[in-house]
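> Can you look at this prediction? I've put the sequence above it.
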Amino acid sequence: MSEQEPLQPLSTSQREALEEATTAYEGQLTEDAARYLIGRGIGQAEAATFRLGVVIDPFPGHTKYRGMLAIPYLDRSGKPLSIRFRCIVKHEHRHFSHGKYNTVRNEPVRCFNVGAIFRADDELHLTEGEFDAIVLNKIGLPAVALPGANAFKPRHRRMLAGFSRVWIWGDPDDAGAEFTNKVCRSLRQAKGLRLRTGDVTDTYLVGGEEALLALLEEERRRATNDRV
Ligand SMILES: [Zn+2]
């Protein structure tokens, strides 16, 4: 599929199947999974807002995701457009023929939490991880996520072009730098933040909301100084 090609809209039956699966998995959120999420700064309220769940009783095509966290990619009204599955068992995922993150084959790359685009004023935040985006939303920063540099497509550039500023919270590693650089090269309003402690979630767990807001303030000041 060419990068320029727009996303095929989902059929009504696809949308219904996704909604049915998401509702079921939400209801199957186990204590283990809830504990895992709390360990990443995601409480009950966020889990409910983002409709996180667990695949206990898999829907057709989801058998190999049994036991995994279900992370729905919701549209602006909270209805799922796709579901990503995160294995939360500490093992070598490839020995079990899956990755840490898994998607149904041939699904196009989507943007996580597109609703934030409609709720945000003139600034938006972009992360690599879904959980990082959830943490930023929790502290009042409207955020979307795209899983890595390869996920950033021309249609995403168009989607973000209307904001006066798009803050990029790339992970402090080579892949994160590539992500930040790719977005900044194609989007004039994009600006990378300098995370030091770890990714957004790590920073939040160590320093709380204050640590993240301080980083943003620091970059805001730097951006202003650059202009004068
Ligand atoms: Zn696994």
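Received the coordinates, thanks.
> Can you pull the residues of this protein lying near the ion?
Residues of the chain lying near the ion by CB under 5 Å from the ion: 87, 89, 93. C-betas here are computed from N, CA, C, even on glycine.
> Just send the residues you listed back as TSV, with neighbour count and pLDDT too.
Below are the residues of the chain next to the ion laid out as TSV (neighbours: other CB atoms under 10 Å; pLDDT from 0 to 100):
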residue	neighbour count	pLDDT
Cys87	17	96
Val89	10	93
His93	14	95
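> Out of these, flag the one nearest to Ala70.
Of all those, the one sitting nearest Ala70 is Cys87; the distance, using CB to CB, is 11.4 Å.
> I'd assumed Arg94 was in contact with that closest one.
No. Distance between Cys87 and Arg94: 10.7 Å, which falls outside the contact criterion (CB atoms under 8 Å).
> who touches both of those two?
Residues touching both Cys87 and Arg94 do not exist when contact is defined as CB atoms under 8 Å, 6 or more residues apart in numbering.
> Cross the residues of the chain next to the ion against strands and list the overlap.
Secondary structure assignment by DSSP state E places none of those in strands.
> And these, which is closest to Glu46?
For Glu46, the closest of the residues of the chain next to the ion turns out to be Cys87, at 20.1 Å, with distances computed as CB to CB.
> so what's that closest one closest to, chain neighbours aside?
Met68 (5.0 Å; CB to CB, 6 or more residues apart in numbering).
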